[in-house]
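A.B. asks: Have a look; sequence and predicted model below, questions after that.
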Amino acid sequence: MSENCTHNCETCHEACADRDPKSMLKKPHELSTIKNVIAVVSGKGGVGKSLVTSLLASSMQKKGYHTAVLDADITGPSIPKAFGVHEKAYANEYGLLPAKSRLGVDLMSINLLLDNDTDPVLWRGPVIAGAVSQFWTDVIWSDVDFMFVDMPPGTGDVPLTVFQSIPVKGIIVVTSPQELVSMIVEKAVRMAEMMNVPVLGIVENMSYFECPDCGSRHSIFGESHIEEIAKKHGIPSVSRLPIDPSIASSCDKGEIETVDAPWLAERCGSLEKKCGFCTGKQPSEKLRRRETWRPCFPPPALYSDIFHP
């Protein structure tokens with residue numbers, strides 16, 4: 001520590017041992033109320049991370065909580081399509097307003113700001129990380145019980161930005177049965193450990209195929225190694241999602257909220273306990289309370305003139 005230290009880490013660029021990592025946390029929009037932030041991560045792409053994020057958000061919404069999804073996968077956004085949301089994001093003089101799904105899940109994704117859903121985002125890492133930060137600081141997230149952050153795969157700029165600037169309560173790691181994927185998943189788990197973010201559980205997607213005729217289970221992608229990883233790192237619970245063409249079809253049609261996900265029931269229950277919510281309340285009571293709330297903002301305008309990554 002320097003003799004001239006002001007103890008204000010936000011204005012200091014020295015890498016001293018007394019730097020408080022919490023000083024890098026950014027405040028959300030002044031009109032936002034976000035109780036719990038859960039990041040959904042994976043060691044590599046193609047394992048169904050966005051699918052699990054969508055199912056978790058819709059499952060918790062059905063339980064009566066107000067949920068939101070911050071799509072941090074800037075170069076590969078898929079959340080709006082999964083929820084069937086095609087309207088562009090709007091804003092007013094106060095900030096950016098998230099889109100809403102049919103069940104009322106708040107959504108923010110780069111695809112809600114682009115002219116065309118198929119337009120590529122050709123930005124370098126720091127610009128992408130800055131856009132994710134703006135989704136946290138510039139969007140008005142109203143009365144959110146659970147925010148799920150759909151992270152890009154790997155351990156690059158965006159995961160680092162999210163862990164350092166957003167108060168993440170814990171992460172859920174998504175994987176598939178292959179041993180190669182399991183090895184890469186350990187990287188994500190160890191990154192969370194290095195960032196002092198607890199791992200709340202692991203979800204193994206495409207874990208098995210259940211024959212519709214005889215009910216027998218087949219490990220299409222090989223035997224699972226997820227229990228070994230969970231035990232090694234002291235991760236409390238593991239969920240397994242089957243290979244089910246109807247889930248993929250619902251996701252492609254933008255009807256992910258119509259999917260019942262009993263495989264994630266334990267995961268949702270553990271989130272309630274971890275975040276201190278009472279599991280005995282009736283969802284209808286909470287939903288009726290939500291319906292009485294109305295935004296007091298003037299009619300919104302397109303946010304394209306405000307968003308500057």
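C.D. replies: Happy to help now that I have it.
A.B. asks: pLDDT of stretch 97-108, averaged?
C.D. replies: On average, the pLDDT along stretch 97-108 is 96.
A.B. asks: quick one: terminal-to-terminal distance for that stretch?
C.D. replies: Stretch 97-108 has an end-to-end distance of 8 Å (criterion: CA to CA, to the nearest Å).
A.B. asks: Next up, the contacts around Val121.
C.D. replies: Residues in contact with Val121, defined by CB atoms under 8 Å, 6 or more residues apart in numbering, are 74-75, 110, 114, 128. For the C-beta atoms, the positions are set from N, CA and C on the backbone; glycine is no exception.
A.B. asks: Let's see if you can find the most crowded of these.
C.D. replies: Ile110 (25 neighbours; other CB atoms under 10 Å).
A.B. asks: circling back: just the closest of the contacts of Val121 to Glu193, please.
C.D. replies: Top of the list for closeness to Glu193, among those and by CB to CB, is Ile128 at 24.3 Å.
A.B. asks: does the closest one really touch Pro159, like I thought?
C.D. replies: No: assessed by CB atoms under 8 Å, Ile128 is found out of contact with Pro159, at 11.3 Å.
A.B. asks: what ranges do the strands span in the stretch 201-309 of the chain?
C.D. replies: In the stretch 201-309 of the chain, the strands defined using DSSP state E, counting those that start in this stretch lie at 209-210, 217-218, 238-240, 301-302.
A.B. asks: weakest of those in terms of mean pLDDT?
C.D. replies: Lowest mean pLDDT within the strands of the stretch 201-309 of the chain: strand 301-302, at a mean of 39.
A.B. asks: returning to that earlier point: which among the strands of the stretch 201-309 of the chain is found nearest to Lys253?
C.D. replies: strand 209-210 (21.4 Å).
A.B. asks: Partner strands of the closest one, with direction?
C.D. replies: strand 217-218 (antiparallel) (DSSP bridges).
A.B. asks: mind listing which of the contacts of Val121 are in strands?
C.D. replies: Using DSSP state E, no member of the contacts of Val121 sits in strands.
A.B. asks: so which of the residues you listed comes closest to Gln61?
C.D. replies: Ile110 (22.2 Å).
A.B. asks: Surely Val85 and Ala99 touch.
C.D. replies: Yes: under the contact definition of CB under 8 Å, Val85 touches Ala99, with a separation of 5.0 Å.
A.B. asks: Give me the common contacts of the two.
C.D. replies: 107, 112.
A.B. asks: OK, contacts around the residue nearest to Ser101 when sequence neighbours are not counted?
C.D. replies: Sequence neighbours aside, Phe83 is the residue nearest to Ser101 in space, at 4.3 Å (criterion: CB to CB, 6 or more residues apart in numbering). For Phe83, the contact set (CB under 8 Å, 6+ apart) comprises 54, 58, 69, 101-102, 105, 107, 254, 256-257.
A.B. asks: Could you rerun that using 10 Å?
C.D. replies: Applying CB atoms under 10 Å, 6 or more residues apart in numbering, one finds that Phe83 lies in contact with 54, 57-58, 69, 99-103, 105, 107, 109, 251, 254-257.
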